[in-house]
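[1] Quick one, what's the 3D model for this:
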Amino acid sequence: MSRRPPGWFDPLLTRLGSARSEDFTRLVTPESGGRESAVLVLLGEEPGAGPDVLILQRAATLRNHAGQPAFPGGAADPEDADARATALREANEEVGLDPTSVTVLAELPKLWIPVSDFVVTPVLAWWHAPHPVHPREPAEVAHVARLPVAELVDPANRMRVRHPSGWIGPAFSARGMLVWGFTAGVLAALLDMGGWARPWPRDRVVDLPPTGATPAPSAGTDAVDETPVR
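    Just a heads-up that it's a prediction; the model follows:
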């Protein structure tokens, strides 16, 4: 398979050329401090099914973000050369992704997650040679799936979720996963930038099950909803 990304990537890559953190969040990323980390936003394509994105579901027993769908990724190691290296290393450790099967296309602006003080660099990549992936550490990753963009943008699969803390942000329901928080915030912005998003009922709000008082990790998308939570 060609390492050149297909044409459906072009609008997104063009738009990302001028992207700023404000396009993803209203939270200002600190100039210093915060724990450097990276996630891999890996877009592939199944024959006849169109673009998809690789998402994992964290194990329900984890102390942080238990059971939550996420992009592969994590905190930077001292040995990592850059954000790309971090994202690819973490994806390999979590789901067995072969780094040589991936063509990195762009680094998105750094985004701050206040609740954990992580400064996250999303790394956009084309999966030019897809292969089977699976949870390498079941104690950390419960499930891995390729979620079709067509399903993510289906108005029937889009909603907003309300966290017990009062936070409200976008969410997607696909392949048995409810994608919310930071991951859904980044996905929503990218789907808009790529020209894939379709109108959806923004008054559809679903309450998340109580998981404690910690605010949901987000890309600042709590600012999407101006309606006060009662």
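[2] can you give me the strands for this structure?
    Ranges of strands within the chain are 35-46, 50-58, 69-70, 73-75, 102-107, 111-113, 118-127, 141-148, 158-162, 168-174, 177-179, 205-207, based on DSSP state E.
[3] Pipe those strands into JSON lines and attach mean neighbour count, distance to residue 187 and mean pLDDT per row.
    (C-beta placed from N, C-alpha, C; glycine too.) Shown next, in JSON lines, are the strands of the chain (neighbours: other CB atoms under 10 Å; distance: least, CB to CB, whole Å; pLDDT from 0 to 100):
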{"stretch": "strand 35-46", "mean neighbour count": "21", "distance to residue 187": "8", "mean pLDDT": "95"}
{"stretch": "strand 50-58", "mean neighbour count": "21", "distance to residue 187": "7", "mean pLDDT": "94"}
{"stretch": "strand 69-70", "mean neighbour count": "23", "distance to residue 187": "10", "mean pLDDT": "91"}
{"stretch": "strand 73-75", "mean neighbour count": "20", "distance to residue 187": "14", "mean pLDDT": "92"}
{"stretch": "strand 102-107", "mean neighbour count": "18", "distance to residue 187": "15", "mean pLDDT": "96"}
{"stretch": "strand 111-113", "mean neighbour count": "22", "distance to residue 187": "13", "mean pLDDT": "84"}
{"stretch": "strand 118-127", "mean neighbour count": "24", "distance to residue 187": "10", "mean pLDDT": "94"}
{"stretch": "strand 141-148", "mean neighbour count": "19", "distance to residue 187": "9", "mean pLDDT": "92"}
{"stretch": "strand 158-162", "mean neighbour count": "21", "distance to residue 187": "10", "mean pLDDT": "95"}
{"stretch": "strand 168-174", "mean neighbour count": "23", "distance to residue 187": "7", "mean pLDDT": "93"}
{"stretch": "strand 177-179", "mean neighbour count": "21", "distance to residue 187": "7", "mean pLDDT": "91"}
{"stretch": "strand 205-207", "mean neighbour count": "12", "distance to residue 187": "17", "mean pLDDT": "93"}
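[4] Take these and write them to TSV, including distance to residue 133.
    Listed next are the strands of the chain as TSV, based on distance: least, CB to CB, whole Å:
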stretch	distance to residue 133
strand 35-46	10
strand 50-58	7
strand 69-70	14
strand 73-75	14
strand 102-107	11
strand 111-113	25
strand 118-127	10
strand 141-148	5
strand 158-162	25
strand 168-174	17
strand 177-179	15
strand 205-207	29
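[5] which stretch among those comes nearest residue 24?
    strand 111-113 (5.7 Å; CB to CB).
[6] Closest to the centroid, which residue in the chain?
    residue 183 (3.1 Å; CA atoms, centre = their mean).
[7] before we move on, back to that, quick check: which of the strands of the chain is nearest to residue 11?
    Comparing these by CB to CB, strand 50-58 comes nearest, at 11.9 Å.
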